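S.K.: next input, structure requested:
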Amino acid sequence: MRNFLLIIGLLFGSSPLFSQTINNESFIDNVIHQFQRLDQLPVEKLYLQTDKPYYNAGENIWYSAYLVNGMNLHPDAFSKFVYVELINKSDSVCYRQKLKQDSLGFYGNMLLPASLSAGEYILRAYTWWMQNAGPAYFFQRKIKIGNSIDNEITSTIRYENDNGMLLANISFTTNPSISLHNLKVDYELYEGNKRVRSKSLPIDETNHLQFGFEEDTSSNVPYHIVINFENPKYSYSHVFFVPQKQTTFSLQFFPEGGNWLNNGYRTLAFKAIGQNGLSVNVSGTIYNDMGDSITSFDTMHKGMGITTFYVSDSSSVHYYALATINGTHTSKRFNLPPVLHHGVGLSMSLFHQQWRYQIISTDPRFIPQHLYLLAQNSGKLLFIQPVDSLHLEGEISTETLPNGIIHFVLLNAQGQALSQRLVFVNNPIRDTLSVTTDKPYYYPRQKVQLAFLNHIVNSLAKAHISVAVTDNRTVKLDSLANNIYTDLLLTSDLKGYVEDPGYYFVSNSRQRTRALDMLMLTQGWTRFNIPDILDEKFSATPYYMEEGQSLSGSVTNIIGKPAKDAQIIALEIGKKLVITANADQTGHFILNNLSFPDSSLFLVQARTKHGYATVDIHIDKENFPSVEFSHPFGSPHILPDNYLQQTDQQYYMNGGEKIYHLKEITVTASMHQSLDDNEIYAGLGNPIQGKDLEKYFSSGQTVLDVLQTLPGIRITGDVIQYRGSKGNPLLVVDDIEYQNMGDDELDMLRSLNIAQVAYINFLHGTDASIYGGLGGNGVIIVKLKSGGDLFASTPANPGLAIVRYLGYKRPAQFYSPVYKTEAEKTSAVPDLRTTIYWNPAIVLPASKPIKCSFYTADKPGIYTATIEGITDKGVPLHVQMPIIVKAR
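M.R.: This next block holds a predicted model:
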């Protein structure tokens, strides 16, 4: 390390600095030591490539996750599980999945139900360990989802102003057989999560509804409207989000280096944000407190700009700005930061691939002794350099710095940060990925062969890539959107939302380089606090590195005290896997090194250390991170009509069925979709809902007690039989089939309290035929309550608990048709793919081509192949190339 620091020091043109004093050596040694300690607290970064930027209900989101070590971007992070969530604009997690790493990495798919409401969503991903840094550093991407399938009853909203009142005009569209006239609609108005109004209004004869309300225009909290109605046959609900008006804006000023020093020309960056959290372009003038005009300013890119002017050395001068949103009359006054009359700062500028630094001061004659210039990148110390009055400026070649955000800090001898500056280094990437096709163009239903070649300089390192091929006619890709390069090197290290991050890397033009430096000046740095690191104040890490799954809880005795050394036995139902453990002195226990997929159920039994059943067991709930949006939503975006039409046709061709808004249940079906019991078994058997179970059975009764009351079912000892059958019925719990009902399954039915159950059904005869031969002796169907409802209730038998934690999801296989024979090529069945090809995991050896192939769809046009990945050396790869399909 010391040799490296000396080499960097020579780049500054300041050779005598390391021989100043022993104090310098001691300070530098301490800095090196603390950064070595920081290296023991790994940082993880996560990126998801998806097959396309938007979707229709009924489709799959196909994704591949790249988990890397945040300090060097090597794909060798320790976590073995990744969580992926779909979050709506109401800050609710709609779906959550858990991925388990296999030999090729992390990848999966999320099926969007046909009943999912259209709108903007957030796709969020993280590891358990990443929660230590907070949700602001999770992977997040805005996803637009349409729904042209759920169209039996639809509603649209239009807003208009009426003398300061905002009128909401809601129109309903139905098929001719449904009449909504005079139907009462319940509507609720929310400001954020606060309900501010709840009323009922009738729908008029033209299927319209209108009401007005006043917005608090001074607040940045968005409004939304929830509507619900039902008649004897149909029920309907929908959420509308009220667009925020740009009636006000904020303007922040950021002195370079953090402090605004007087007595010299100083650089001041600024950023303007509208009420919706997105940038606005403004212009204005800066004045001193005597009303004198100092300088004018204009935003240059995404609400950001820079101005430089002479700051007076007068101790009484203060500054303010008058700014106006361009094209409007919305004007506001903003006070500028206070001017410091004593202090030093750090100023930096890029010139011909050299970052020039300069230590500035309110009085150049008096520079504090023992200053140090430190630079770090993602927690890696790059150098620590002493600074004195004879060496206040210098140059650093970008070639000596890694790509990404470099954090420069000017420190005093006490380790306090006197000034800080972020810069972005964007050196040309020497490690590249080349992609070629076997033909210059193709025809419909013709085979395409892609060849990938990984060029890694002076290394035998592999690359891990994923490939998405989409049809440009229906899928419009955004070249300014986030990609693996912009995410891992830029946005993942910045707290807050970065608009159009791809813009900064489309080219190396001077305009884009300057805009990127404005982002560095205005976005701020929060991941690493250098003074805290040097003062040994490392962030707490309450969240563990998840290398295996676990199950935990506590055991208490009959008087509620901890059951010390209690015996724990856990059985994964249906797998005959038994795990044992002992509670500690406080009654707590944890079962480690488990591996179970989603929908797995565990039967957990606790006994005293002497084997008695006089204990209660309490299972720890799974607590997932809260939703904290850093992605503002802009104007509503309508998906292309041709995309919706084509995905509609594909949905129905693949076996999807229409949605009917029948009262109390939404009925859908799809051959590829895992649906809940209400959807699959609608009209079959005599289902008993959870509310009826709690009404007609006592709180201590179990599922087995309920089954004994059903007509035709006889329970003798450990045998359950339906009248006339010759064997045990099939047991289905949360879509998991248990074909051989034995002691474990019976114990589960004895342990399931009715308060834990959402739904019980028994099928026999023709109703059970949906399970084929497995349903010959009848089918017992149990649907458990989800999440907190399952754990909130007490098991019927003391010392026994049924546990369902979130298990890992097994990835599905992307379907890619093959057209080899003439009959396949001329088949009248249309090929309606919008994602033509998806391959989530390809491993490329160094300098050895790897090939993959797929067939084109029916229509001519241009496809785009998007390839993203990471090399073992930590180099992000992002390549896009066109594939031409001509008409025959």
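S.K.: helices of the stretch 451-600 of the chain, residue ranges please.
M.R.: For the stretch 451-600 of the chain, the helices identified by DSSP state H, counting those that start in this stretch occupy 484-489, 510-523, 530-534, in order along the chain.
S.K.: out of those, which is the most enclosed?
M.R.: Most buried of these by mean neighbour count (mean count of other Cβ atoms under 10 Å) is helix 484-489; its value is a mean of 23. For the C-beta atoms, the positions are set from N, CA and C on the backbone; glycine is no exception.
S.K.: from the contact counts, what lies against that helix?
M.R.: For helix 484-489, the elements it packs on are strand 44-50, strand 60-69, strand 861-871, strand 876-885, judged by 3 or more Cβ pairs under 8 Å, 6 or more residues apart in numbering; DSSP states H and E.
S.K.: and that helix, average pLDDT?
M.R.: Confidence over helix 484-489 (mean pLDDT, whole number) is 97.
S.K.: touching it from outside, list them.
M.R.: With contacts defined as Cβ atoms under 8 Å, 6 or more residues apart in numbering, helix 484-489 is touched by 45, 47, 49, 66, 68, 73, 139, 403-405, 501-502, 504-505, 868-870, 876-878.
S.K.: in stretch 334-353, what counts as buried?
M.R.: Judged by neighbour count using 16 or more other Cβ atoms under 10 Å, the buried positions of stretch 334-353 are 334, 336, 339, 340, 343, 344, 345, 346, 347, 348, 350.
S.K.: what's the answer for stretch 75-82, then?
M.R.: For stretch 75-82, a neighbour-count test (16+ other Cβ under 10 Å) marks 75, 77, 79, 80, 81, 82 as buried.
S.K.: below-threshold pLDDT in the stretch 1-150 of the chain: ranges please.
M.R.: Counting by pLDDT under 70, the ranges of the stretch 1-150 of the chain that qualify are 1-23, 150.
S.K.: circling back to that earlier point, wait, which of the buried residues of stretch 75-82 is closest to residue 106?
M.R.: The shortest distance between residue 106 and any of the buried residues of stretch 75-82, using Cβ to Cβ, involves residue 82 and amounts to 4.9 Å.
S.K.: so what does the closest one have for phi and psi?
M.R.: For residue 82, the backbone dihedrals (degrees, to the nearest 10) come out as phi -130, psi 140.
S.K.: which one of the helices and strands packed on helix 484-489 lies closest to residue 776?
M.R.: Among the helices and strands packed on helix 484-489, strand 60-69 comes nearest to residue 776, with 33.8 Å by Cβ to Cβ.
S.K.: list the contacts of stretch 293-308.
M.R.: Defining contact as Cβ under 8 Å, 6+ apart, one finds that stretch 293-308 is touched by 265-273, 279-288, 309, 319, 321, 326, 499-500, 503, 511, 514-515, 518-519, 521-522.
S.K.: and that stretch, end to end?
M.R.: Start and end residues of stretch 293-308 are separated by 14 Å (Cα to Cα, to the nearest Å).
S.K.: again, but for stretch 115-132
M.R.: Looking at stretch 115-132, the gap from its leading to its trailing residue is 35 Å under the measure Cα to Cα.
S.K.: quick one, what contacts residue 431?
M.R.: Shown in contact with residue 431 (Cβ under 8 Å, 6+ apart): 454, 455, 456, 457, 459, 871, 873, 875, 877.
S.K.: next up, the contacts around the fourth one.
M.R.: Listed by Cβ under 8 Å, 6+ apart, the contact set of residue 457 reads 430, 431.
S.K.: so the residue nearest the centre of the chain, which state does it fall into?
M.R.: With distances taken as Cα atoms, centre = their mean, the chain has residue 124 as the residue nearest its mean C-alpha position (0.9 Å). Put simply, residue 124 is strand when judged by DSSP: H, G, I helix; E, B strand; the rest coil.
S.K.: quick check: the closest residue to it other than its chain neighbours vs residue 48, distance?
M.R.: Among residues not flanking residue 124 along the chain, residue 85 sits closest, at 4.6 Å (Cβ to Cβ, 6 or more residues apart in numbering). With the distance defined as Cβ to Cβ, to the nearest Å, residue 85 ends up 11 Å from residue 48.
S.K.: same question, residue 364
M.R.: Here the criterion is Cβ to Cβ. By it, residue 364 lies 50 Å from residue 48.
S.K.: now do residue 401
M.R.: Noted for residue 401: a distance of 28 Å to residue 48, by Cβ to Cβ.
S.K.: those two: which is more packed in?
M.R.: For residue 401 and residue 48, the more surrounded residue by other Cβ atoms under 10 Å is residue 48, and the numbers stand at 25 against 19.
S.K.: who does the more buried one bridge with?
M.R.: Applying DSSP bridges to residue 48 yields these beta-bridge partners: residue 65.
S.K.: list the contacts for it?
M.R.: Counted by Cβ under 8 Å, 6+ apart, residue 48 has contacts 63, 64, 65, 66, 84, 123, 125, 139, 141.
S.K.: now, among these, which is nearest to residue 777?
M.R.: Taking Cβ to Cβ as the measure, residue 777 sits nearest to residue 84 out of the contacts of residue 48, at 38.9 Å.
S.K.: thinking again about what came up before, shared neighbours, residue 85 and residue 48?
M.R.: Going by Cβ under 8 Å, 6+ apart, residues that sit against residue 85 and also against residue 48 are 123, 125.
S.K.: right, so of the helices of the stretch 451-600 of the chain, which gets closest to residue 694?
M.R.: Proximity to residue 694 (Cβ to Cβ) singles out helix 484-489 among these, at 47.8 Å.
S.K.: how far does the closest one sit from the chain's center?
M.R.: How far helix 484-489 lies from its chain's middle: 15 Å, per Cα atoms, centre = their mean, to the nearest Å.
S.K.: next: stretch 540-548.
M.R.: For stretch 540-548, the distance to the chain centre is 19 Å (Cα atoms, centre = their mean).
S.K.: ok, the nearest residue to residue 359 once chain neighbours are set aside - contacts?
M.R.: Counting by Cβ to Cβ, 6+ apart, residue 392 is the residue found nearest to residue 359 once chain neighbours are left out, at 4.2 Å. For residue 392, the set of contacting residues under the criterion of Cβ under 8 Å, 6+ apart consists of 358, 359, 364, 367.
S.K.: report the two of the buried residues of stretch 75-82 separated the most.
M.R.: 75 and 81 (15.3 Å).
S.K.: what bridges to residue 421?
M.R.: On the basis of DSSP bridges, residue 421 takes part in beta bridges with residue 408.
S.K.: er, residue 99 actually
M.R.: On the basis of DSSP bridges, residue 99 is bridged to residue 82.
S.K.: what do you get for residue 869?
M.R.: The residues paired with residue 869 through beta bridges, assigned by DSSP bridges, are residue 465, residue 877.
S.K.: separation between it and residue 418?
M.R.: For residue 869, the distance to residue 418 (Cβ to Cβ) stands at 41 Å.
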